[in-house]
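A.B. asks: Fold the following.
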Amino acid sequence: MKPVTIGGLLLDAGKITPADAERILRLQKDHGLLFGDAGKVLGLLTDEDIQQALSQQFDFPFLINSDAKALDAELVSAYQPFSQQVETLRVIRSQLMLRWFSDNRKALTIVSYANGEGRSYFVANLAIVFSQLGERTLLIDADMRQPRQHLLFNIQDKQGLSDILAGRADSSVIANVPELRGLSVLPAGTIPPNPLELISRGIADWLEQFALEYDVILVDTPAGSQGSDAQLLTIKSGGALLLARQHQSRLADLEIMKNLLEGSGGACVGAVINAF
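C.D. replies: I've put the predicted structure just below:
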C-alpha cells in the first residue's frame, strides 16, 4: 500500500533513513512540531524535500530543480508552483474553466500580435497548471514558423503537427511528459514552406479527434503580424485568449488583433497582460 504520511513518502524517496525518521519523530513529539518542521530543525530535510513529499501526498505533481533538468527553467509552473506568477496562472485557469471550457468546448488558441510577447512561455505554463488540476491536457505547438515547445519540454522527435497534417505521421508523435502526469505535447514538427496551407488541411478534424481524448487543448500560435495562421487556428478551435506584454505591446495592435479574430468568426475569450 502506498504510504500516505510525509515520513513514509520521504523514506521511500530515500530522503531520510529509518534512524533519521526516529530522530524526527522524537523531536516532533517532544516539541509539538510538524514532521517536516522537525526534520528541518535537525538539518535532515529541506523545504524542497517537504514540498516534493506534499505534492505526492496531495497528488499535485511538480518538479524540484534537481529533477528532470532537461525541462527548461522557463516552466515555472513545474519548478515554482507556489510562486506569485503561478498563482496568477491558476486564477486565469479558474476563469477559463468557468467561462470557456466545457464538454462542448475543449480547445483554445493563445494569440498575440507581435513576437517577443511571451506566447510560448505563457501557454506552456498554463498547460502545466491545467494538468496539475487533474485535467487531461494537450499542448499543441501550431507555430510552424518559429516553434519553441519542443525546446521547453526537450522533445527530441523531429516529427509533429506539420507531419500529421501532411499525412506523414499520426498521433503517436504526441509526447507524454512523464514528470508532469496528465500533460502531453504535440510539437510543431518539420518546419514546412507552407504553414498556412497545412493548417487549413484537416486541423479541425484532428482537433475533434483530440477532444475525445483530452479535457483541455491549448494551441500555441505564430504572431498575428506574421500571417493569418493565428486567425485560422482560432476559427478552427473556436476561440482565442489574447496576450500582451506589459510596457511593450501597443494598444492599437491589440485592437487590430481582436478585430481580426472576431471579424473572421472566432471568439476572443479575453485578454491577459504578461508582466513576467
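
A.B. asks: Once you drop chain neighbours, what's closest to Leu139?
C.D. replies: Ala127 (4.1 Å; C-beta to C-beta, 6 or more residues apart in numbering). Quick note: C-beta positions are derived from backbone N, CA and C, even for glycine.

A.B. asks: Distance-wise, check the residue nearest to Arg245 when sequence neighbours are not counted relative to Ile217.
C.D. replies: Spatial nearest neighbour of Arg245, chain neighbours left out: Glu117 (4.2 Å); criterion: C-beta to C-beta, 6+ apart. Glu117 sits at a distance of 21 Å from Ile217 (criterion: C-beta to C-beta, to the nearest Å).

A.B. asks: out of those two, which sits in the busier spot?
C.D. replies: Ile217 (26 against 21; other C-beta atoms under 10 Å).

A.B. asks: For the more buried one, give the beta-bridge partners.
C.D. replies: Beta bridges link Ile217 to Ala107, Leu138, judged by DSSP bridges.

A.B. asks: so how many other residues sit close to Ile128?
C.D. replies: 29.

A.B. asks: buried sites along stretch 262-270?
C.D. replies: Buried residues in stretch 262-270, counted by 16 or more other C-beta atoms under 10 Å: 266-269.

A.B. asks: repeat for stretch 208-226
C.D. replies: Buried residues in stretch 208-226 (16+ other C-beta under 10 Å): 210-211, 214-224, 226.

A.B. asks: Would you map the strands across the stretch 151-276 of the chain?
C.D. replies: 175-176, 183-186, 216-220, 239-245, 267-274 (DSSP state E, counting those that start in this stretch).

A.B. asks: Looking at the ones you listed, which is nearest to Val76?
C.D. replies: The closest of these to Val76 is strand 267-274. By C-beta to C-beta, the value is 12.4 Å.

A.B. asks: Run through the stretch 51-200 of the chain and note the low-pLDDT ranges.
C.D. replies: Along the stretch 51-200 of the chain, segments meeting pLDDT under 70 span 52, 54-69.

A.B. asks: can you give me the helices for the stretch 1-150 of the chain?
C.D. replies: Counting by DSSP state H, counting those that start in this stretch, the stretch 1-150 of the chain has helices at residues 6-12, 18-31, 35-41, 47-57, 76-79, 84-99, 119-132, 149-152.

A.B. asks: returning to what we had before: I'd like the strands of the stretch 151-276 of the chain as CSV, with distance to Leu25 appended.
C.D. replies: Listed next are the strands of the stretch 151-276 of the chain as CSV, based on distance: least, C-beta to C-beta, whole Å:
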stretch, distance to Leu25
strand 175-176, 38
strand 183-186, 36
strand 216-220, 42
strand 239-245, 48
strand 267-274, 46
